[in-house]
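Chemist: Fold the following.
(one chain, ligands or ions: 1)
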Amino acid sequence: MRNLMVAGNWKMNGDSTMTSELVDEIAAGYVGSDSCELLICPPFPLLGLAANKIQGTSIFLGAQNLSEYNSGAYTGEVSALMLTDAGCQYVIIGHSERRAIMRETNEMIRKKFYAAIDNNLIPILCVGETLEQKEQQLTMEIIEQQLKSVIGDNAASLTNAVIAYEPVWAIGTGLTATPEEAQSIHHFIRGIISSISQEIADNIQILYGGSVNGGNAKGLFSMPDIDGGLIGGASLTASDFLSIVKATNK
Ligand code: PGA
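Modeler: Prediction:
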């Protein structure tokens, strides 16, 4: 049985005051009976503070990106080892904003994915189509390419990984895929993995992301192949984030 997960992607938002307050509020509202795993992904400079604040709670910590390299002359980059040292267990890889704005290619994302795995960080691999690709009915082709370019036929690399399906047209736009639309893509993703390993397909968490809020979360999370959400905007306010957490409860 897969656990549900709710992960907050703070993007380039927050400062130390906001981090202290938000983590306290989330920790206070996240009770033992909540049936999901909870993860926050603040920007790099706030990771150390967030790691201190979550001590003694069951909240996990993740970063939003990492370098494909382990150390050396890569000015401005942050390695997997630095992230584990800062207290991270997870790292988001291949978010569509990094693919589009920072021009990350499938090949770069593949290297980052294995840099995470090799250093015991759990990658959250983001896949998803743009509006243009959706309109051209290329959704499945694009997602299969994004996934296969990272895992190849090596489903074992997904033993300790999470996938996030984030349709680009739904991110930060207020538009969300319907639960049925999202379910069909999640089912497709699980199917690709099951063609390599049924066991890994059965166990891997596949999160949905894109304008998830307290109102639409329950419908999405009730779908059999949707194992929680990757939350952007609504992860910056404790009450909004917690209302999504509560939507995972039966
Ligand atoms: P959003 O962002 O919830 O603000 O749409 C999701 C994401 O980019 O991970």
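
Chemist: For the single nearest residue of the chain relative to the ligand, which non-adjacent residue is closest in space?
Modeler: When scored by Cβ to the nearest ligand atom, the chain has residue 232 as its residue closest to the ligand, at 2.2 Å. Backbone N, C-alpha and C define where each C-beta goes, glycine included. Among residues not flanking residue 232 along the chain, residue 9 sits closest, at 5.2 Å (Cβ to Cβ, 6 or more residues apart in numbering).

Chemist: Please see if the longest helix anywhere in the chain touches the ligand.
Modeler: As assigned by DSSP state H, the longest helix anywhere in the chain is helix 179-194. No - judged by Cβ under 6 Å from any ligand atom, helix 179-194 and the ligand are separated, with a smallest distance of 12.9 Å.

Chemist: Name the next helix or strand downstream of that helix, please.
Modeler: Scanning forward in sequence from helix 179-194 by DSSP states H and E, the next helix or strand is helix 198-203.

Chemist: and that next one, what other elements does it pack with?
Modeler: Packing partners of helix 198-203 (3 or more Cβ pairs under 8 Å, 6 or more residues apart in numbering; DSSP states H and E): helix 179-194.

Chemist: quick one: average pLDDT of the helix it packs on?
Modeler: Mean pLDDT, computed over helix 179-194, is 97.

Chemist: Sort out which residues of that helix are buried, please.
Modeler: For helix 179-194, burial by neighbour count (16 or more other Cβ atoms under 10 Å) applies to 179, 181, 182, 183, 185, 186, 188, 189, 190, 192, 193.

Chemist: Equivalent analysis for stretch 140-147, please.
Modeler: Buried residues in stretch 140-147, counting neighbours by 16+ other Cβ under 10 Å, are found at 142, 143, 146, 147.

Chemist: got the CA positions of it in PDB?
Modeler: Provided in PDB are the C-alpha atoms of stretch 140-147 (Å, rounded to 0.1, in the frame of the first residue of the first chain):
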ATOM      1  CA  MET A 140       1.800  10.900 -23.600                       C
ATOM      2  CA  GLU A 141       4.700  11.000 -26.000                       C
ATOM      3  CA  ILE A 142       6.300  13.900 -24.100                       C
ATOM      4  CA  ILE A 143       5.800  12.300 -20.700                       C
ATOM      5  CA  GLU A 144       7.200   9.000 -21.900                       C
ATOM      6  CA  GLN A 145      10.300  10.800 -23.400                       C
ATOM      7  CA  GLN A 146      10.800  12.700 -20.100                       C
ATOM      8  CA  LEU A 147      10.600   9.500 -18.100                       C
END
